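Undergrad: Provide a 3D model corresponding to the input given below.
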Amino acid sequence: MPGNEYHHPHNNHHSHQQISLSSSSSTPSPPLGSRGSHESTSPPPAPPLASLGFDTPPARPAKKFPSVGKKFSNGTTAPILPPPLSRGGIPAGKISSSNVQRCPFCQQAGDQHESHVIDGESCCPYEPVYCESKCGMRIPRKLASEHLRAECVNRLTACPFCGYDFVFDTLKKHIPACPRFVADHVHKQQQQQQQQQQLQHVEAVPVTHITSKTTRDLHLNNNNHTNGKLPLLNPMLPCVFKDIGCKFKGSAPALDQHLESSSRSHLALTCQIVSRQQAQISALRSALHNVTLNTTGTMLWKVTDFYAKLGDARAKEGYEVCSPPFMTSAHGYKLQASLFLNGNGSGEGSHLSVYIKILPGEFDSLLRWPFSLTVSFTLIDQPLNPDKACHIIESFVPDPTWKNFQRPSKEPDALGFGFPRFVSHEMLKKCHYLRDGTLFIRVKVDESKIIAV
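TA: The predicted structure follows:
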């Protein structure tokens with residue numbers, strides 16, 4: 001139709017456009033979504049279609065497109081945003097149970113599960129943990145403190161009698177031996193006995209009413225009877241340390257006070273007992289040693305681990321290896337041989353040195369002094385054929401003027417007499433005196449060769 005014009009609404013903020021045909025007399029409508037937009041100048045009107053030789057199409061109503069999003073009061077429409085995503089990149093409404101990480105102990109998921117992890121380590125209250133007291137039990141973390149307080153076999157528990165802390169397992173053994181328990185137990189027994197005796201006493205004494213001199217005298221006699229019974233109701237109790245020498249006796253309250261105030265004296269008594277027992281043990285060991293003591297006057301000494309001991313001798317100055325003691329007879333001299341594997345004196349570093357020592361014996365007061373018996377040392381050869389053995393023998397006759405052959409004292413560092421160059425290390429390597437790191441030395445005292453003094 002003549003006069004119809006095309007208007008193109010301009011909108012800088014929305015992508016939706018609406019096209020409408022209106023009459024030439026109508027004013028162009030403002031663009032949609034004009035909130036916050038600037039006004040634009042309309043393009044110049046097009047020439048009428050009829051003047052260009054075209055038929056004018058019939059007028060059609062403007063097409064209305066459906067609006068999307070939320071409409072505001074001024075006619076604008078909010079855009080539709082994509083749905084929010086979860087932390088894993090999955091839409092919030094599409095999370096499935098397979099995508100959720102759960103705590104393996106309490107089955108909590110999401111933020112609750114993340115709260116059970118601190119610095120990469122689990123702190124879930126239901127996680128099983130080992131007991132801190134190392135009893136071997138595994139309990140949920142939330143119950144660990146209660147387990148330590150009331151269930152753990154390694155928990156510290158105070159003795160109800162003396163107040164000292166003990167491991168729960170050992171407390172049962174401590175209580176019967178606790179001095180306070182013994183005193184308390186005895187005290188309770190005495191109280192029960194007192195109550196029984198009081199009841200028996202009340203039943204035995206008649207009830208009297210003082211109405212005459214005769215009844216008064218009878219009552220006084222009963223009182224004297226009662227006073228005589230009273231000491232029996234509170235007997236004297238001995239100290240629990242009576243077996244080690246404590247002589248205290250008193251009532252149960254006095255015994256408790258004695259145990260508290262006499263701990264030092266009890267400790268001193270205990271130390272005396274320990275000292276006496278140690279002396280008895282030493283005497284028994286000595287007696288046992290004398291039972292097995294060699295009394296033939298000849299000793300065959302086996303020296304093992306020679307090379308290891310030689311290394312020790314080279315590393316430590318004065319390293320000495322001593323033989324077991326032996327006797328020249330059942331009631332004779334007590335002797336002991338010694339070896340310096342790396343040598344001593346003139347043989348140091350090159351030879352094996354051997355010596356004999358005289359030890360204090362039980363029968364020294366009955367023996368002749370100075371010692372005057374001939375002593376010989378024999379290094380045993382160990383060839384495969386015993387007939388080809390070539391032993392090394394050295395002997396000496398004691399010098400009566402030398403002080404070490406006099407009656408020995410109890411000094412532990414008594415000097416010996418012997419041969420500083422008994423056999424060289426080279427000789428030990430060449431022959432068969434050493435086999436499997438072991439050598440044998442025979443020490444013999446000849447009582448038939450006595451030097452006159």
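
Undergrad: list the contacts of Lys382.
TA: You called it Lys, but residue 382 is Gln. By CB atoms under 8 Å, 6 or more residues apart in numbering, the contact set of Gln382 is Ala389, His432, Tyr433, Leu434, Arg435, Phe440. To be clear about C-beta, it is placed using only N, CA and C from the backbone, and glycine gets the same treatment.

Undergrad: want to throw those into JSON lines with pLDDT?
TA: Listed next are these as JSON lines, based on pLDDT from 0 to 100:
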{"residue": "Ala389", "pLDDT": "91"}
{"residue": "His432", "pLDDT": "90"}
{"residue": "Tyr433", "pLDDT": "94"}
{"residue": "Leu434", "pLDDT": "94"}
{"residue": "Arg435", "pLDDT": "93"}
{"residue": "Phe440", "pLDDT": "97"}
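
Undergrad: which of those residues fall within strands?
TA: Phe440 (DSSP state E).

Undergrad: buried only: go through the contacts of Gln382 for me.
TA: His432, Tyr433, Leu434, Phe440 (16 or more other CB atoms under 10 Å).

Undergrad: out of the residues you listed, who's nearest Ile281?
TA: When the buried ones among the contacts of Gln382 are compared for distance to Ile281 (CB to CB), Phe440 wins out at 33.3 Å.

Undergrad: chain neighbours aside, what residue packs nearest to the closest one?
TA: Nearest residue to Phe440 in three dimensions, chain neighbours excluded: Ile380, at 4.0 Å (CB to CB, 6 or more residues apart in numbering).

Undergrad: that neighbour contacts Arg435, correct?
TA: No. Taking contacts as CB atoms under 8 Å, Ile380 lies outside contact range of Arg435: 10.0 Å.

Undergrad: and the residue nearest to Thr438 when sequence neighbours are not counted, how many neighbours?
TA: Distances taken as CB to CB, 6+ apart place Thr304 nearest to Thr438, at 5.1 Å, with adjacent residues excluded. When neighbours are defined as other CB atoms under 10 Å, Thr304 has 10 of them.

Undergrad: repeat for Ile281
TA: Residues contacting Ile281 under the criterion other CB under 10 Å number 10.

Undergrad: next: Gly250.
TA: For Gly250, the tally of surrounding residues (other CB under 10 Å) stands at 16.

Undergrad: quick one, what contacts the closest residue to Ile392 other than its chain neighbours?
TA: Counting by CB to CB, 6+ apart, Leu379 is the residue found nearest to Ile392 once chain neighbours are left out, at 4.2 Å. With contacts defined as CB under 8 Å, 6+ apart, the neighbours of Leu379 are His391, Ile392, Ile393, Phe422, Val423, Tyr433, Leu439, Phe440, Ile441.

Undergrad: what of Thr295?
TA: The contact partners of Thr295, by CB under 8 Å, 6+ apart, come to Phe326, Met327, Thr328, Ser329, Ala330, Gly332.

Undergrad: which one among these gets closest to Leu300?
TA: Nearest to Leu300 among these, with distances taken as CB to CB, is Phe326, at 10.0 Å.

Undergrad: if that closest one is in a bridge, with which residues?
TA: Counting by DSSP bridges, Phe326 forms beta bridges with Asn294, Leu335.

Undergrad: hmm, it is touching Ile356, no?
TA: No. The criterion here is CB under 8 Å, and Phe326 misses it with Ile356 at 10.5 Å.

Undergrad: need the residues touching each of these two.
TA: Counting by CB under 8 Å, 6+ apart, the contacts common to Phe326 and Ile356 are Leu335, Gln336, Val443.

Undergrad: of the contacts of Thr295, select the buried ones using a PyMOL command.
TA: Buried residues within these, by 16+ other CB under 10 Å, are selected in PyMOL with:
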select buried, resi 326+327+328+332
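
Undergrad: closest to Ala144 out of the shared contacts of Phe326 and Ile356?
TA: Nearest to Ala144 among the shared contacts of Phe326 and Ile356, with distances taken as CB to CB, is Gln336, at 62.8 Å.

Undergrad: quick one: pLDDT of Gln198?
TA: In this model, Gln198 is scored at 65, pLDDT.

Undergrad: now Val375
TA: Per the predicted model, pLDDT is 96 at Val375.

Undergrad: for it, what are its contacts?
TA: Leu335, Ile356, Ser395, Phe396, Pro398, Val443, Lys444, Val445, Asp446.

Undergrad: what about those residues, which one has the most neighbours?
TA: The residue in the contacts of Val375 with the most neighbours, by other CB under 10 Å, is Leu335 (24 neighbours).

Undergrad: how near is that residue to Ile393?
TA: Leu335 sits 18 Å away from Ile393, taking CB to CB, to the nearest Å as the criterion.

Undergrad: same check on Asp256?
TA: In terms of CB to CB, Asp256 sits 76 Å off from Ile393.

Undergrad: repeat for Leu255
TA: 74 Å.

Undergrad: tell me which of the two has more neighbours.
TA: Neighbour count, other CB under 10 Å: between Leu255 and Ile393, Leu255 has more, with 24 against 10.

Undergrad: on that earlier part again, for the contacts of Thr295, which two are the farthest from each other?
TA: Phe326 and Ala330 (11.7 Å).

Undergrad: show me what contacts the residue nearest to Cys246 when sequence neighbours are not counted?
TA: In this structure, Cys246 finds its nearest non-sequential neighbour in Cys239, 4.3 Å apart by CB to CB, 6+ apart. The neighbours of Cys239, taking CB under 8 Å, 6+ apart as the test, are Cys246, Lys247, Phe248, Lys249, Leu255, His258, Leu259, Ser262.

Undergrad: return the per-residue confidence for Cys239.
TA: So Cys239 comes in at 90 (pLDDT).

Undergrad: distance of it from Asn404?
TA: Taken as CB to CB, the span from Cys239 to Asn404 is 54 Å.
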